Structures are given as structure tokens and as C-alpha cells.
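Q: below is the sequence, then the predicted model.
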Amino acid sequence: MGKRARKEPWPGSCPRCGGRQEYSDPFDAALCPRCDEWREPACPDPQCSFCRNRPLRPSLARELHPDDPALRRAARLAARRSRRSR
Ligand SMILES: [Zn+2]
Ligand SMILES: [Zn+2]
């Protein structure tokens, strides 16, 4: 309880786009929804239940966990980007 002295709440802001990073509970990993990138490498353990099923990009993970707000946000932003580039 209450000993957090960090300036920025984890997972902080994205080093690339400066946007707010989010935490995906089902994958136990931080991600940037704007860049659509995980901010933590998958661990090398092939048995790890978090990393084993983790798709390449957070937006692709939404189908696996439709209720996770961080993944939903990544998927929404990715859809917007692909519409614009067409
Ligand atoms: Zn970013
Ligand atoms: Zn893992």
C-alpha cells in the first residue's frame, strides 16, 4: 500500500509516439495502442500461458480477448489506420 514513488504510472508513455501505453491483463504485458506494438518481449518459455498465444500485434489479439480494453483500443486504431491508407 502506498509506497509508489514513480513519477509516471506504469506502463507510462510510449518512447516512439509519446502516447499513453496500456496494460493488457490477459497477456500480462504493456503495449502501445497507437503503434500497435507490444512493449515487452514475449518470454522464451514455450509453456508460458501468457506468451504462447500472443499474436504479433496487439490489434490481432483482440479476437482472443474481446473484452480487454487495451486490445480493443489497439484494434480500433489499427482499423482506422488501414482505412486511411487505402
Ligand atoms: Zn506508441
Ligand atoms: Zn511469458
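A: It's in. Every value quoted in this text rests on a predicted model; they were computed, and no experiment measured them. Ligands and ions are numbered 1, 2, ... in the order given.
Q: now do the contacts for the residue nearest in space to the middle of the chain.
A: For the chain, Leu31 is the residue whose C-alpha lies nearest the centre (C-alpha atoms, centre = their mean; 2.6 Å). By C-beta atoms under 8 Å, 6 or more residues apart in numbering, the contact list for Leu31 reads 11, 21-24, 37-39, 58, 70-71, 74. Backbone N, C-alpha and C define where each C-beta goes, glycine included.
Q: got any ranges where the protein has weak pLDDT?
A: Where the chain drops to pLDDT under 70, the residues are 1-8, 86.
Q: residue boundaries of the strands in it?
A: Assigned by DSSP state E, the chain shows strands spanning 22-24, 29-32, 37-38.
Q: and of these, who's closest to Arg16?
A: strand 29-32 (7.0 Å; C-beta to C-beta).
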